[in-house]
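Asks: predicted structure and sequence below. I'll ask about it afterward.
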Amino acid sequence: MQILVVSATKLEIAPFLLQNELEAQYDFLITGVGVPACLYQLQKKLLQKKYDFVIQAGIAGSFTTEIPLGETVVVQKDIFADMGAIEKNQFTTLFEMGLISKNEFPYHEGWLENNAEFFIKTTLKSVNAITVNTVSDKLETTGLYTKLFNAQIESMEGAALHYVCLQENVKFLQLRSISNEVGERNKAHWKMKEAILHLNNTLSDIIKQITAG
């Protein structure tokens, strides 16, 4: 089985890279941070080789205390949360503006969903996510996102993975380990090491499950 492991930075999957680079069992793609980099690098990679499964692994911020810091979750649906317009202090999505249909492929009700059979079978906690170009500590911003999308976590690349893989009809999984609460920019309060360790252990387990059929 041809598996591609994707991450924005080497740091996020460093333990897994160290374990598997010499064995060359899987292909790796470090896209760089942000939507544009992920879209371009992932699309380019998928044009070069046919993959059976793409797994994106990275850290994320959480909007809810119901997900403990360090825990790894799997994203069921994601959205480009800040793609829209702000008029009179009111944010309007492109869907609400009528510029994109909520059900124009690959969207479903405005979301980029993962309904693959393997996703349905996984025992990891399933969450809804948003993807943003700018992370913020402003309560007004985080409050807006939670009100509009009712998402549990945010990242800067997740929706790009969903968008490309749905367009290319490639099975995929987005794994995110929670390093911090959204809005908390004091990294002394983050659980980065714990999140990365748990993420990489989960990544190894997930790949074993996938390859075992």
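Replies: In hand now; what should we look at? Residues are numbered from 1 along each chain as shown.
Asks: ok now stretch 79-98, how far from the chain's centre?
Replies: Centroid displacement of stretch 79-98 relative to its chain, using Cα atoms, centre = their mean, to the nearest Å, is 21 Å.
Asks: please enumerate residues in contact with that stretch?
Replies: Stretch 79-98 is contacted by residues 35, 100-102, 107, 110-112, 129-134, 144-145, 148-149, 151, 154, 159 when judged by Cβ atoms under 8 Å, 6 or more residues apart in numbering. Every C-beta, even on glycine, is put in place using the N, C-alpha and C of the backbone.
Asks: these, buried ones only, as a PyMOL selection?
Replies: Listed next is the PyMOL selection for buried residues among the contacts of stretch 79-98, using 16 or more other Cβ atoms under 10 Å:
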select buried, resi 35+107+110+111+112+129+130+131+132+144+145+148+149+151+154+159
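Asks: mind checking which of the contacts of stretch 79-98 land in helices?
Replies: Among those, the ones falling in helices (DSSP state H) are 35, 144, 145, 148, 149, 159.
Asks: roughly how far does the residue nearest to the last one when sequence neighbours are not counted sit from residue 31?
Replies: Just to be clear, that refers to residue 159. Distance criterion Cβ to Cβ, 6 or more residues apart in numbering; nearest residue to residue 159, sequence neighbours excluded, is residue 131 at 3.6 Å. For residue 131, the distance to residue 31 equals 13 Å [Cβ to Cβ, to the nearest Å].
Asks: hey, what's in contact with both of these two?
Replies: residue 157.
Asks: for this protein, longest helix please?
Replies: The longest helix of the chain (DSSP H) is helix 192-212.
Asks: that helix - contacts with which helices or strands?
Replies: strand 3-7, helix 14-20, strand 53-62, strand 72-78, strand 171-181 (3 or more Cβ pairs under 8 Å, 6 or more residues apart in numbering; DSSP states H and E).
Asks: now those in JSON lines, with distance to residue 41?
Replies: Formatted as JSON lines, the helices and strands packed on helix 192-212 follow (distance: least, Cβ to Cβ, whole Å):
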{"stretch": "strand 3-7", "distance to residue 41": "8"}
{"stretch": "helix 14-20", "distance to residue 41": "16"}
{"stretch": "strand 53-62", "distance to residue 41": "11"}
{"stretch": "strand 72-78", "distance to residue 41": "18"}
{"stretch": "strand 171-181", "distance to residue 41": "15"}
